[in-house]
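> using only what follows, build the 3D model:
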Amino acid sequence: MDIEFNMNDDRMRQLNFKLKEKIKQVKLGGGEKKIASQHAKGKLTARERIAYLIDDADDFLEIGALAGDGMYQDVGGCPSGGVVTGIGNVCGRQCVIVANDATVKAGAWFPITAKKNLRAQEVAMENHLPIVYLVDSAGVFLPMQDEIFPDKEHFGRQFRNNAIMSSKGIIQVAAIMGSCVAGGAYLPIMSDEAAIVDKTGSIFLAGSYLVKAAVGEDIDNESLGGATTQCEISGVTDNKFPNDEACLDYIKSIFDKIGAFEKAGFDKKEAKPPKKDPQELYGLMPSDRVKPYEVRALIERLVDESRFEEYKEKYGQTIVCGYGRIEGWAVGVVANQRVVVKSKKGEMQMGGVIYSDSADKAARFIMNCNQRRIPLVFLQDVSGFMVGSRAEHGGIIKDGAKMVNAMANSVVPKFTIITGNSFGAGNYAMCGKAYDPRLIYAWPTAQIAVMSGASAAKTLLQIKVSSLKAQGKKITPEDEKKLLDQIKADYEEQMSPYYAASRLWVDGIIDPLETRNVIAKGIRAANHAPIEKTFNVGVIQT
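This next block holds a predicted model:
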């Protein structure tokens, strides 16, 4: 291997180490003291509950592990958004699991908590997966109630989703394993079945203090809405259990008896590992943001047996399209290709720019995958669409719109992996978050923004300098450099995959070696949802 490969490999390993350390810290939730307090009450933590419930604790695809990272620091932070969500197997059946983390502000709901819960429900609805709620929450974090309560995508949307999922026959099972108050009480009771843990679980619209203030009644929380009250007097909950483990065992018994449902029927054969070593992904992905590299080399280390059947190989070369298999599942891959373009001014490195012919090719390939019912995998490393008079005269907007149209209207499931840059309209065309990928994950090398840091910093500097001069202030070259450095640092922080993951623009950050597993789990989940719509792109300019 050459020096550059080794440097890339070393850089990726450093990024993966940072990622693993970050995840390790996140998994502590509110910290070791809070975990000990949970145990002292005879309760498992959210992650312990999930590990006990699923068939294999190491086979859990977490969604939003880094949600809330670096946010709400003025109130002590909100690790993982105060809730653990993901896809796991219970008695061999794939399902979505949502578990409130009571070690983080007693499981209270922050704005990012609501967003993360809704994302988990979205995954369940899109894929027709059963969903399990492990409830242990103090309710809305009152200092931020205006950012959680009234809007369309706020707290109340989850109950609407409860009702929609029920009408669609999507199984919902809830376990009340701690506090469950106010509007949050509707979530488990709108599920198909609600179990409750005796002495630690409680459910009511208003706790004892609020009842005293509102109606003057003196009553303790256990008598008001504990397991005995809600199981034996009100009938609100279905069964009570002596501890967390017994309650989770009951949920397992439910999943052990669920019947079979219609599948989408995506093609799957025996899974085979790539012939080319996936470890080489580390060295093949360049640290330099615009340096050309061969994306086919990445694909060959992601697909089964390293077999990739390319579509229109010699046409539209800044996007690579083709067919392969990932863990046995048939996939259509759409990937950006960084190339060197020769012009009158010499060679110019183009970091994944989409040209008219590339957009045209990708649109046609996406249509073919829909025609053949083949799931789509997008590997994003894109700077945007080509600009300039030649591109405009060639109809770049028309061809770009054609690609976006085909991608947006796809009825087959889409999965997006951001390997490098994800800039501007390229993010949209390559199935960014706004275009409903079933799952979207980033490598540690990812960057997400409207444009590159260098371009944005220069533009923002010009605006800032003009503003200061308009105020009559004199700007020296030294002042300009200081401003540029500060603007660039702020902008690059916002481009970070951690910034994106904390806000759920992506479902998480993964080691490149996890890519095959993530995509395979996603397709298996998507296979639970039969395709009901006909592919139709509507009106497009040809």
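> got any ranges where the chain has weak pLDDT?
Scanning the chain with the threshold set as pLDDT under 70 gives 1, 183, 340-351, 393, 453-454, 456-457, 461, 541-542.
> specify the helix with the largest residue count in it.
Scanning the chain for the longest helix, with DSSP state H as the assignment, gives helix 3-26.
> and the contacts of whichever helix or strand comes after that helix?
Using DSSP states H and E, the helix or strand that directly follows helix 3-26 along the chain is helix 32-40. The contact list for helix 32-40 (CB atoms under 8 Å, 6 or more residues apart in numbering) reads Leu28, Gly29, Leu44, Thr45, Ala102, Thr103, Val104. C-beta here means a position set from N, CA and C on the backbone, and glycine is covered the same way.
> return the residues in contact with the third one.
It stands for Leu44. With CB under 8 Å, 6+ apart as the criterion, the residues that contact Leu44 are Gln38, Tyr52, Met177, Asp244, Glu245.
> relative to Leu504, how far out is Thr85?
10 Å (CB to CB, to the nearest Å).
> ok, now Asn239?
34 Å.
> Arg160 now?
Taking CB to CB, one finds Arg160 at 19 Å from Leu504.
> the more surrounded of these two?
Using other CB atoms under 10 Å, the more surrounded residue of Arg160 and Leu504 is Leu504, with 21 against 13.
> isn't the more buried one up against Ala114?
No - using CB atoms under 8 Å, Leu504 is not in contact with Ala114; the gap is 10.6 Å.
> quick one: the helices in the stretch 351-500 of the chain, in order.
Assigned by DSSP state H, counting those that start in this stretch, the helices in the stretch 351-500 of the chain fall at 356-372, 389-393, 396-408, 424-429, 453-470, 477-495, 497-502.
> also the stretch 51-200 of the chain?
111-127, 157-167, 186-189.
> chain center to the shortest one: distance?
Its chain's average C-alpha position is 25 Å from that of helix 186-189, according to CA atoms, centre = their mean, to the nearest Å.
> pull out the buried residues from that helix.
Tyr186, Leu187, Pro188, Ile189 (16 or more other CB atoms under 10 Å).
> again, but for the longest one
Neighbour counts using 16+ other CB under 10 Å place 111-121, 123-127 of helix 111-127 among the buried residues.
> which of the residues you listed sits closest to Ser410?
Nearest to Ser410 among those: Glu126, at 12.7 Å, using CB to CB.
> that closest one and Asn527 touch, don't they?
No - counting by CB under 8 Å, Glu126 does not reach Asn527; the two are 12.0 Å apart.
> circling back to that earlier point, out of the helices of the stretch 51-200 of the chain, nearest to Ala500?
Smallest distance to Ala500 across these (CB to CB): 12.9 Å, for helix 111-127.
> and that closest one, what other elements does it pack with?
Other elements packing on helix 111-127 under the criterion 3 or more CB pairs under 8 Å, 6 or more residues apart in numbering; DSSP states H and E are strand 83-90, strand 93-100, strand 131-137, helix 157-167, helix 515-526.
> which strand or helix spans Arg49?
Judged by DSSP H and E, Arg49 forms part of helix 46-53.
> out of the helices of the stretch 51-200 of the chain, flag the one nearest Ile148.
When the helices of the stretch 51-200 of the chain are compared by CB to CB, helix 111-127 sits nearest Ile148, at 5.4 Å.
> circling back: neighbour-wise, give me the winner out of the contacts of Leu44.
Among these, Met177 has the most neighbours (other CB under 10 Å), with 29 neighbours.
> tell me the SS of Gly332?
Classification of Gly332 using DSSP: H, G, I helix; E, B strand; the rest coil returns strand.
> flag every buried residue along stretch 288-300.
Neighbour-count burial for stretch 288-300 [16+ other CB under 10 Å]: Arg289, Val290, Pro292, Tyr293, Val295, Arg296, Leu298, Ile299, Glu300.
> pull the number of nearby residues for Thr475.
Quick fix: residue 475 reads Ile, not Thr. The burial count for Ile475: 13, using other CB under 10 Å.
> OK, contacts around Lys268?
With contact set as CB under 8 Å, 6+ apart, Lys268 has these partners: Gly328, Trp329, Ala330.
> contacting residues for the last one?
Spelled out, that is Ala330. Ala330 neighbours (CB under 8 Å, 6+ apart): Phe266, Asp267, Lys268, Lys269, Tyr323, Gly324, Ile374, Pro375.
> same question, the first one
With contacts taken as CB under 8 Å, 6+ apart, Gly328 has the following neighbours: Lys268, Lys269, Glu270, Ala271, Lys272, Asp304, Ala520.
> likewise for the second one?
Contacts for Trp329 (CB under 8 Å, 6+ apart) come out as Phe266, Asp267, Lys268, Pro375, Ile519, Ala520, Ile523, Arg524.
> what's the most distant pair in those?
Asp267 and Ile519, at 14.5 Å, using CB to CB across these.
> which of these two has more residues huddled nearby?
Neighbours were counted for Asp267 and for Ile519 using other CB under 10 Å; Ile519 has more, 24 against 14.
> the more buried one reaches Lys414, doesn't it?
No - in this structure Ile519 lies outside contact range of Lys414 using CB under 8 Å: 10.8 Å.
> what is in contact with those two at once?
Common neighbours of Ile519 and Lys414 (criterion: CB under 8 Å, 6+ apart): Val377.
> any idea how far stretch 152-163 is from the middle of the chain?
Distance, centroid of stretch 152-163 to centroid of chain: 19 Å (CA atoms, centre = their mean).
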